[in-house]
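> got a sequence here, can you model it:
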Amino acid sequence: MDGLPSLVDQPPLIDQYSSGAVHGELGLGSFETHLAAAAGAHGPAPVGTSYFDSFTGLAIRRWCPPLLGLEPHCPPARYLARRREVGAYRAGRLLLRGSGIGTFLLEAGAPGNLTSAHELATAAAAPAHEVVRLEPLAEQVADTSGSVDAFIGYTAEALYAAAQHATAFASGATHCDGQAPEAGEVRRAADRWLRGRRPGERLGEPVLVRHLLWSAVATGLPVQLHCPDPQPLAGFLRATTGIGADLVLLPEAPHHRRAAQLAAVHAHVYADAGPCPEETLGQAPFGKLLFSSGARGLPELYVTGARCFVRAMARLVREWTEEGLCGPEDGRRITETVGFGTARRVYRLSAEAD
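Down below sits the predicted model:
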């Protein structure tokens, strides 16, 4: 009705980052907890309201009910009742298979009883590739290491083993300078962290995070950088030029523009297009930007992430076409480049998503 294309008309997307969907049935309270997290909120909704009263909630009500046989915009209670009626497993399959995503890159081992890459691939009937997060990898090694030497050695072995099957590595480093730490510095940091660490404690030792990052880059696999603000990583981006590994910036709002600018400057750096692609497409060549849903917990978030991306791109290229800035074929090519072309190239994927 608004002249924008249906997602069904688009080639399947490659979702470069998500964490998987929850297992089992979700009641209203559990569903709203996941919805609140997706909306960036904490705690219960204000009295008399619901987290369905958010942009994410509206998007779910618009795009997900038809995939479960309901009319768009149906009341939340009706939607959740239908979800229970269909069953969590079948509902997840219908949502994932109707999302318009043809290939998934899934961060492995995310907490919260979420689907693995294999489980997601089965439910979605689409390829799902594993992205290994560096910090949990080191934490698992630390849980079974009895000494500094054992920790350093086993971490190197675990990273090498992961590189044999992973599509990419990922890190939550918020800062990394332009030089890998020396062996003695790594040993001292490992000793300091292991001595004061309680079982299950998350890795927060900056020297070890730097060591992991440089070790991951040395494998040649792409490395995703989950950075609230990418600017503190500028030295690392400069120093890794020419090494052979691509880096992909996954910033938080409102830093997507800056990430795109950094991607434009460095040949081996790419950036997430973000929730508002119009903010990033003017900052970097189109072949330096990639789509992601960022979905976690609710399979509905894969649907809304893909729908919102395609519609935002359609609005943008339609505006450019009407202004005479590009032709219709240019617009389609730009959308496909950001939607799956760049990801296929960076992550060395086959043409399985077409």
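
> from here on, just use CA atoms for contacts and neighbour counts.
OK.

> from what I see, Arg93 and Ala123 are in contact.
Yes: counting by C-alpha atoms under 8 Å, Arg93 touches Ala123, with 4.9 Å between them.

> distance check, Ser132 against Arg258.
Heads up, residue 132 is Val, not Ser. Note on Val132: its distance to Arg258, by C-alpha to C-alpha, to the nearest Å, is 25 Å.

> neighbour count for those two, which is higher?
When Val132 is set against Arg258 and neighbours are counted by other C-alpha atoms under 10 Å, the residue ahead is Val132, at 25 against 20.

> and the contacts of stretch 228-238?
174-179, 247, 249-253, 255, 258-259, 262, 266, 269 (C-alpha atoms under 8 Å, 6 or more residues apart in numbering).

> buried subset of those residues as a ChimeraX selection?
Command for ChimeraX, covering only those of the contacts of stretch 228-238 found buried under the criterion 16 or more other C-alpha atoms under 10 Å:
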select :174,175,176,247,249,250,251,252,255,258,259,262,266,269
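
> so which of the contacts of stretch 228-238 belong to helices?
Taking DSSP state H, the ones among the contacts of stretch 228-238 that sit in helices are Arg258, Ala259, Leu262.

> got those as TSV, with distance to Tyr347 columns?
Converted to TSV, the ones in helices among the contacts of stretch 228-238 look like this (distance: C-alpha to C-alpha, whole Å):
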residue	distance to Tyr347
Arg258	22
Ala259	19
Leu262	19
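
> show the contacting residues for Leu120.
Taking C-alpha under 8 Å, 6+ apart, one finds Gly20, Ala21, Ala128 in contact with Leu120.

> do I have it right that the last one meets Ile101?
Yep, that's Ala128 we're talking about. No: using C-alpha under 8 Å, Ala128 is not in contact with Ile101; the gap is 10.4 Å.

> Leu208: which element?
Taking DSSP states H and E as the criterion, the element that holds Leu208 is helix 206-218.

> packing partners of that helix?
Under the contact criterion of 3 or more C-alpha pairs under 8 Å, 6 or more residues apart in numbering; DSSP states H and E, the helices and strands touching helix 206-218 comprise helix 134-144, helix 183-196.
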